[in-house]
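>>> Output the structure for:
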Amino acid sequence: MASISCKLSLPIISSSSSPSNSNSSKKSSAKVTREDWRQRSKPIPPGGTYPAKDHCSQCGLCDTYYIAHVKNACAFLGDGMSKIEGLEPVVHGRGRKVDSSDETYFGVHEELLYARKTKPVEGAQWTGIVTTIAIEMLKSGMVEAVICVQSDPEDRFSPRPVLARTPDEVLAAKGVKPTLSPNLNTLALVEVLSNYSYKQFFRHLISLLFVLHEALSIKSM
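Purely as a prediction, here's the structure:
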């Protein structure tokens, strides 16, 4: 089977203005709000009800501080997928061509490329071309890690998002998983840890272990 990649054009969008003092104070206040939204937002607790309720795709966004953006990010809230029509001109500089069947299905792009491996990766889907690209990006140093989906060892239909840092870890995720995966959990974890120094990380880890130790010593009634 063939896989499809789209070559996109992403314009640089900038703006400039010279606001008054009152506007400056408003912008300053807004900036503070933007900077501390991670500390202010509270993820949905285990067993809680997600904003999209029965329509929720379990993407993982609401399990992290990214829930602060759920109203704009979730495809099942508010205007839903129709938001795309307004976002395409912002991101790509234009909307999709309504007379193009390719753009109707695949969105705004400059060129469609069809590819397949001449020597397929055994056990992979679409000849393993996506798996191979991820591995080559790791080998070349283009990326430090790849977020991919492995299967739970005890249930192949249960997704297990992982941060793959070696070709073997990427290969372990080959093949299509016919289920939804909360990959954003892993993405948020990467972001948090990247903003911590090793000293900060281990200080928080030790504190967490101490709390767990105390909690385990408490007997429930």
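>>> what's the residue nearest the centre of the chain in contact with, if anything?
In the chain, the centroid-proximal residue (C-alpha atoms, centre = their mean) is L184; its distance is 4.2 Å. Taking C-beta atoms under 8 Å, 6 or more residues apart in numbering as the criterion, L184 is in contact with C59, G60, L61, D63, T64, Y66. Just so you know, the C-beta spots here come from the backbone N, C-alpha and C atoms, and that holds for glycine as well.
>>> and of those residues, the nearest to G78?
L61 (14.6 Å; C-beta to C-beta).
>>> Can you get me a residue count around the closest one?
L61 is flanked by 27 other residues according to other C-beta atoms under 10 Å.
>>> Quick check: it vs P182, distance?
As judged by C-beta to C-beta, to the nearest Å, L61 and P182 stand 8 Å apart.
>>> what do you get for T49?
16 Å.
>>> Show me which of the two is the more surrounded one.
P182 (19 against 11).
>>> residues making contact with stretch 67-85?
Residues contacting stretch 67-85 (C-beta under 8 Å, 6+ apart): 37-38, 40-44, 51-52, 55-57, 61-62, 66, 95, 107.
>>> What residues of that stretch count as buried?
Residues of stretch 67-85 classed as buried: I67, A68, V70, C74, L77 (neighbour count, 16 or more other C-beta atoms under 10 Å).
>>> related to what we said a few turns ago, SS state for the residue nearest to the centre of the chain?
Per DSSP: H, G, I helix; E, B strand; the rest coil, the secondary structure class of L184 is helix.
>>> What pLDDT is listed against it?
As predicted, L184 sits at a pLDDT of 80.
>>> before we move on, what about G48?
90.
>>> Report the separation between it and T186.
20 Å.
>>> More neighbours: which of those two?
T186 (20 against 9).
>>> Run through the residues that contact the nearest residue to the more buried one once chain neighbours are set aside.
Nearest residue to T186 in three dimensions, chain neighbours excluded: P161, at 4.4 Å (C-beta to C-beta, 6 or more residues apart in numbering). Contacts for P161 (C-beta under 8 Å, 6+ apart) come out as G60, I147, C148, V149, Q150, S181, P182, N183, N185, T186.
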